[in-house]
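Q: coords below, sequence missing:
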C-alpha cells in the first residue's frame, strides 16, 4: 500500500482555496511524472461542490505528489470526476488509487444524503474499480457505481433518494434490490420506465429502458411496435436487437429501406453483428441489399454475414467493376510494401 498521506481540500472553504494554490505549484513542478493528468490548474474550484483528495508523500524536504481525485456532489450521488495516480509511471506508488478511494468512501459513506459513488472509467482502469467494489452498468461497462448502505438497506428513504436508488438498481442490473424497492413501495415498473426515447425523463417516468429491464421485465412493460421503431429511427441498434430478442415479431416492422439505413449508419464488426441479429430474428436479405452493402460499407465480416444467410446471386455484371479496382489496390499494396521494406532495411540498426 502506498505510504502517501491524503489531504482533503473543500472548495467551499476559503482556507482550502489558499492551500490549493500550494499543490498547484507542486503539480506544475512534477507534472512529467503523470500520464493523461487532469491538472489542478485547469480545473481549480469552479464550484463550491468540488472536493479534492490529494495524495502527498513527504520525501526529505520535498513533497511528492502521489495522485489526485476530484469529487463533486450531485443529488444523492457523489461523482468522481477524475482520479489519477503516479503509479502509472512509478510502481513504488502502487496503492495510491486505492488509498484515495478509501478516503472518498470514508468521507461520504455514512452521510444519509448519498446512495453511492459513480464514475466513468477508462477501459484500462475498469478492473481496478471492479476489484475495489464498483459495479459496471449493464449497458455501459465504463459506467461504475459503488453503493452505500442506504441503497442496500432500503430504509429511511425520502422520495428523491428512492428514485435514485431505483435508477441505480436498474442501471446496474441489480434485480434483487430493484424488486425489493418496487414491492416495498408499491411501485409498478410500467409507471416509472420511460420507453419513448423522444421524451425527457419526468418526475413520474424517471428511468430509461435498458437491456436489463428488457430481459427481466419485458412482459410488465408497455413495449409495442411504435417503441421498437422509435429506437430504429434513433439509430439505437443495440436496443433494437434487445427488443427483437424478446419479441421477434417486431422484425415485420422493418423493410429494405430500414436495412439500408442501418448499413449506412453502422460499420465494422458491429455491423456484422447487427446483420446477424436481424437475420436470427427472421429478416430475409436479398441480392440488392448485398450489393448496397458492398458499395456503401465494403466490410469483409458484414459481407460474409449477409451472404451467409442464403442469398442467391443473379447479377453477373455487378462485380466486374470491382475486379479492376482490386487489381489497382494490389499494385498499390505491393508498391507501398516495397517502399516500407527499403526504409526499414536502410535504417535497420
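A: In hand now; what should we look at? Owing to the predicted nature of the structure, the values given are computational and were not obtained by experimental measurement.

Q: Look at residue 227 and report its pLDDT.
A: Note for residue 227: predicted pLDDT of 93.

Q: ok, now the one 3 residues further on?
A: We note a pLDDT of 93 for residue 230 in this prediction.

Q: Same check on residue 308?
A: We have a pLDDT of 94 for residue 308.

Q: ok, now residue 198?
A: The predicted local confidence for residue 198 is 64.

Q: same thing with the one 10 residues further on?
A: Among the per-residue scores, residue 208 holds a pLDDT of 89.

Q: From the contact counts, what lies against the lengthiest strand in the chain?
A: Counting by DSSP state E, the longest strand found in the chain is strand 62-74. When contacts are defined as 3 or more Cβ pairs under 8 Å, 6 or more residues apart in numbering; DSSP states H and E, strand 62-74 packs onto helix 14-30, strand 50-59, strand 77-85, helix 96-108. The way it works is simple: take the backbone N, C-alpha and C, and place the C-beta from them, glycine included.

Q: Rebuild the ones you listed as JSON lines, extending it with distance to residue 327 and mean pLDDT.
A: Output for the helices and strands packed on strand 62-74, formatted as JSON lines (distance: least, Cβ to Cβ, whole Å; pLDDT from 0 to 100):
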{"stretch": "helix 14-30", "distance to residue 327": "57", "mean pLDDT": "88"}
{"stretch": "strand 50-59", "distance to residue 327": "60", "mean pLDDT": "90"}
{"stretch": "strand 77-85", "distance to residue 327": "51", "mean pLDDT": "92"}
{"stretch": "helix 96-108", "distance to residue 327": "54", "mean pLDDT": "95"}
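
Q: Any chance of the ones you listed in a markdown table with mean neighbour count and distance to residue 161 as columns?
A: Putting the helices and strands packed on strand 62-74 into a markdown table (neighbours: other Cβ atoms under 10 Å; distance: least, Cβ to Cβ, whole Å) gives the following:
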| stretch | mean neighbour count | distance to residue 161 |
| --- | --- | --- |
| helix 14-30 | 14 | 28 |
| strand 50-59 | 19 | 21 |
| strand 77-85 | 20 | 10 |
| helix 96-108 | 19 | 14 |
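
Q: Looking at the ones you listed, which is nearest to residue 248?
A: Among these, the nearest to residue 248 by Cβ to Cβ is strand 77-85 (37.6 Å).

Q: domains for the protein, by residue range?
A: 1-108, 254-314, 319-349 (automatic domain parsing).

Q: Any chance of JSON lines for the ones you listed, columns distance to residue 187?
A: Output for the domains of the chain, formatted as JSON lines (distance: least, Cβ to Cβ, whole Å):
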{"stretch": "domain 1-108", "distance to residue 187": "17"}
{"stretch": "domain 254-314", "distance to residue 187": "32"}
{"stretch": "domain 319-349", "distance to residue 187": "58"}
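
Q: closest one to residue 288 among the helices and strands packed on strand 62-74?
A: Closest among the helices and strands packed on strand 62-74, once you apply Cβ to Cβ, is strand 77-85, at 49.2 Å.

Q: tell me the angle that closest one makes with strand 62-74.
A: Interaxial angle, strand 77-85 versus strand 62-74 (axes from the mean of the first three to the mean of the last three Cα atoms, to 10 degrees): 160 degrees.

Q: just to revisit the earlier point, can I get the helices and strands packed on strand 62-74 in TSV including distance to residue 206?
A: As requested, those are exported to TSV (distance: least, Cβ to Cβ, whole Å):
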stretch	distance to residue 206
helix 14-30	35
strand 50-59	26
strand 77-85	14
helix 96-108	23
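
Q: right, and those - which one's nearest residue 136?
A: The minimum distance between residue 136 and those falls on strand 77-85, with 14.5 Å, by Cβ to Cβ.

Q: Give me the sheet partners of that closest one and which way each runs.
A: strand 62-74 (antiparallel), strand 116-120 (parallel) (DSSP bridges).

Q: Those: lowest mean pLDDT?
A: The minimum mean pLDDT among the strands paired with strand 77-85 belongs to strand 62-74 (a mean of 90).

Q: Could you grab the helix/strand/coil label for residue 168?
A: Secondary structure state of residue 168, per DSSP: H, G, I helix; E, B strand; the rest coil, is helix.

Q: Let's see the pLDDT reported for it.
A: On pLDDT, residue 168 comes in at 90.
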